[in-house]
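Participant: Sharing a model that was predicted from the sequence below.
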Amino acid sequence: MRKHKPLYWILLCICLAGIAASAYPIARQMREYRAGRAAYIALAEAAAPTEAGAASVQPKSPAVDFDTLRAVNRNAAGWLYGGDTGISYPVVRAEDNVYYLNHLFDGTENSAGCLFIDSRCVMGWEGRHTIIYGHHMKDGSMFAALTEYAAQAYYDAHPRFLLLTPEGRYELAFFSGYTVQADSDAWRVDFASDADYAAWLEEVKARSLFISAVVPDAHDCVVTLSTCSYDQKDARFVLHGILCG
């Protein structure tokens with residue numbers, strides 16, 4: 001029988017160590033995905049109760065207990081609900097645009113992060129432009145479904161979201177969705193005049209990958225949902241909607 005030289009075993013050990021080292025980040029990421037999902041399911045069960053007799057924690061018309069939410073995080077600003085898109089998460093008002101990139105709603109460090117409002121936006125939901133950021137997670141959670149709006153059929157099936165807030169219930173009527181580079185003006189929050197705002201609305205409406213009958217004007221408040229897009233380098237997918245009372 002042929003005997004392996006010591007170098008063979010050394011190289012074999014190095015290879016095995018390399019495989020183990022490369023697998024560790026993947027395993028860690030999967031653990032974070034599972035932990036993030038579990039945390040938000042538990043939060044939905046506690047704060048977004050089902051309708052009477054319903055088996056799902058995501059009913060057609062959910063009710064949110066903001067006292068429960070704010071006991072966990074005093075910066076809770078709303079709950080975004082997208083029906084069968086899989087998007088049903090709390091939204092926080094961020095003090096910066098970094099912390100909630102890698103922290104859950106309850107402050108636990110986790111790469112899933114939390115849906116958060118751009119810190120440049122005015123308080124409340126009555127500003128001209130409110131931006132909500134969320135990760136495009138590879139397991140399909142958080143804002144992963146937003147990129148589906150590149151298809152007309154998906155928009156036709158999901159033209160509106162619910163936005164539940166301590167002040168009341170709103171709908172987001174989407175009028176534009178598209179992929180754009182990170183240096184775009186899609187995230188503008190300052191407008192010099194009604195005319196400036198109206199011109200911006202016209203521009204972002206024209207970029208849409210789907211056709212919508214919703215036409216915004218300078219009197220509307222717009223909420224934009226933003227996530228990463230993997231179709232292009234340093235790209236984002238944005239979905240603009242009118243806030244309807």
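Facilitator: Structure received. Model, not experiment: these values are computed from the prediction.

Participant: contacts, neighbours, all on C-alpha from now
Facilitator: Fine.

Participant: ok, now how distant is residue 233 from residue 204?
Facilitator: From residue 233 across to residue 204, the span is 21 Å (C-alpha to C-alpha, to the nearest Å).

Participant: er, residue 113 I mean
Facilitator: Counting by C-alpha to C-alpha, the gap from residue 113 to residue 204 is 27 Å.

Participant: and residue 34, what element?
Facilitator: Assigned by DSSP states H and E, residue 34 belongs to helix 6-47.

Participant: same question but for residue 179, I mixed them up
Facilitator: strand 169-181.

Participant: Convert the helix or strand hosting residue 200 to PDB, retaining C-alpha atoms only.
Facilitator: If you go by DSSP H and E, residue 200 is part of helix 194-206. Provided in PDB are the C-alpha atoms of helix 194-206 (Å, rounded to 0.1, in the frame of the first residue of the first chain):
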ATOM      1  CA  ASP A 194     -44.500  73.300  -5.200                       C
ATOM      2  CA  ALA A 195     -43.300  73.500  -8.800                       C
ATOM      3  CA  ASP A 196     -40.000  71.900  -7.900                       C
ATOM      4  CA  TYR A 197     -41.800  69.100  -6.100                       C
ATOM      5  CA  ALA A 198     -44.200  68.600  -9.000                       C
ATOM      6  CA  ALA A 199     -41.400  68.400 -11.500                       C
ATOM      7  CA  TRP A 200     -39.700  65.800  -9.400                       C
ATOM      8  CA  LEU A 201     -42.900  63.800  -9.100                       C
ATOM      9  CA  GLU A 202     -43.300  63.900 -12.900                       C
ATOM     10  CA  GLU A 203     -39.700  62.700 -13.400                       C
ATOM     11  CA  VAL A 204     -40.000  59.700 -11.000                       C
ATOM     12  CA  LYS A 205     -43.400  58.800 -12.400                       C
ATOM     13  CA  ALA A 206     -41.800  58.600 -15.900                       C
END
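
Participant: so whatever helix or strand comes next after that helix versus strand 169-181, what angle?
Facilitator: Proceeding N to C from helix 194-206, the next assigned helix or strand is strand 222-229, under DSSP H and E. Using axes from the mean of the first three to the mean of the last three C-alpha atoms, to 10 degrees, the direction of strand 222-229 lies 40 degrees away from that of strand 169-181.

Participant: Show me what strand 222-229 is packed against.
Facilitator: Where contact means 3 or more C-alpha pairs under 8 Å, 6 or more residues apart in numbering; DSSP states H and E, strand 222-229 is packed against strand 129-133, strand 235-244.

Participant: Report the helix or strand with the lowest average pLDDT across the protein.
Facilitator: helix 6-47 (a mean of 64; mean pLDDT, DSSP states H and E).

Participant: check contacts around the residue most central in space within the chain.
Facilitator: Geometric centre of the chain, nearest residue: residue 134, 2.9 Å, by C-alpha atoms, centre = their mean. Residue 134 sits next to 101, 113, 114, 115, 116, 142, 143, 225, 226, 227 when contact means C-alpha atoms under 8 Å, 6 or more residues apart in numbering.

Participant: What pairs with the host helix or strand of the fifth one, parallel or antiparallel?
Facilitator: In this case it means residue 116. For residue 116, the host element (DSSP H and E) is strand 115-117. Looking at strand 115-117 with DSSP bridges, its partner strands are strand 88-93 (parallel), strand 129-133 (antiparallel).
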